[in-house]
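Participant: kindly return the folded structure for what I paste below:
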Amino acid sequence: APPTASSNGDSRMYRQMYSNEFFSKMQTTALKRWREVEEMTGETLLQKNGLLFYGEDTGETVEGSVLGAKQTMENLGLEHSFYENGDDIAEAFPALAGCKGMPYSGVCEDTAGHIKASKACKAMITAAGESCEVHTNSKIVSLDVNANAENNDVKRICATTEDGLTIMAD
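Facilitator: Numbering: from 1, shown residues only. This next block holds a predicted model:
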């Protein structure tokens, strides 16, 4: 990613706090898988540091909404704290004293955090052991997730790189 991109650097944020339940469920599954990789490799990949989503709720945006996130967390039984107004946010988070008196609400997910991308990639390679080949600096231009459609018992994925290399995976 370019240096100015939000996804630049080695850390990637993870959270279950979304307005859309699909994304929360998907993240719940992903976190279970990351914990399996941690167990297989002995590496600590996930670092919890919490996430506060707050502001004036003006409806759904590309990032969702505070009230939508609260509802999803409640519907799925996910641990969270809700702050009804700016005063509550300022009391819980003194560094956000500017929220006092503001028409804000907030949702905090203490279990959100970040993962170190490079360390996670190395752990995935370790977990795969001898059953994989690593291709670096290869741009994938085509991905077929139903590459073995004639045999529904076996899921195969086919990736094609920019230089024409075909990579198959079960």
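Participant: give the buried residues for the helix or strand where A69 lies.
Facilitator: Assigned by DSSP states H and E, A69 falls within helix 66-75. The neighbour-count check on helix 66-75 (16 or more other C-beta atoms under 10 Å) flags V66, G68, A69, K70, T72, M73 as buried. Every residue, glycine included, has its C-beta placed from N, CA and C.
Participant: partner strands of the lowest-mean-pLDDT helix or strand in the chain and their direction?
Facilitator: None of the helices or strands of the chain scores lower by mean pLDDT, DSSP states H and E than strand 166-169, at a mean of 84. Here strand 166-169 has these sheet partners by DSSP bridges: strand 157-161 (antiparallel).
Participant: give me the contacts around stretch 21-29.
Facilitator: Applying C-beta atoms under 8 Å, 6 or more residues apart in numbering, the set of residues contacting stretch 21-29 from outside is Y14, R15, Q16, M17, Y18, T72, M73, N75, L76, L78.
Participant: repeat that for stretch 160-169.
Facilitator: Stretch 160-169 has contacts (C-beta under 8 Å, 6+ apart) with 133, 135, 138-143, 147, 156-159.
Participant: picking up where we left off before, among the contacts of stretch 21-29, which ones are buried?
Facilitator: Y14, R15, Q16, M17, Y18, T72, M73, L78.
Participant: measure the fifth one to H80 for me?
Facilitator: In this view, Y18 and H80 are 12 Å apart by C-beta to C-beta, to the nearest Å.
Participant: which one's the longest helix in this structure?
Facilitator: When the chain is parsed with DSSP state H, its longest helix is helix 21-41.
Participant: tell me where this protein has strands.
Facilitator: Secondary structure of the chain by DSSP state E: the strands cover 11-14, 46-48, 51-55, 81-83, 105-109, 113-116, 140-144, 157-161, 166-169.
Participant: CA atoms of the first one as CSV?
Facilitator: These are the backbone C-alpha positions of strand 11-14, laid out as CSV (Å, rounded to 0.1, in the frame of the first residue of the first chain):
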residue,chain,number,x,y,z
SER,A,11,-0.2,-3.6,11.7
ARG,A,12,-3.7,-4.5,10.7
MET,A,13,-6.7,-3.7,13.0
TYR,A,14,-9.2,-6.4,13.7
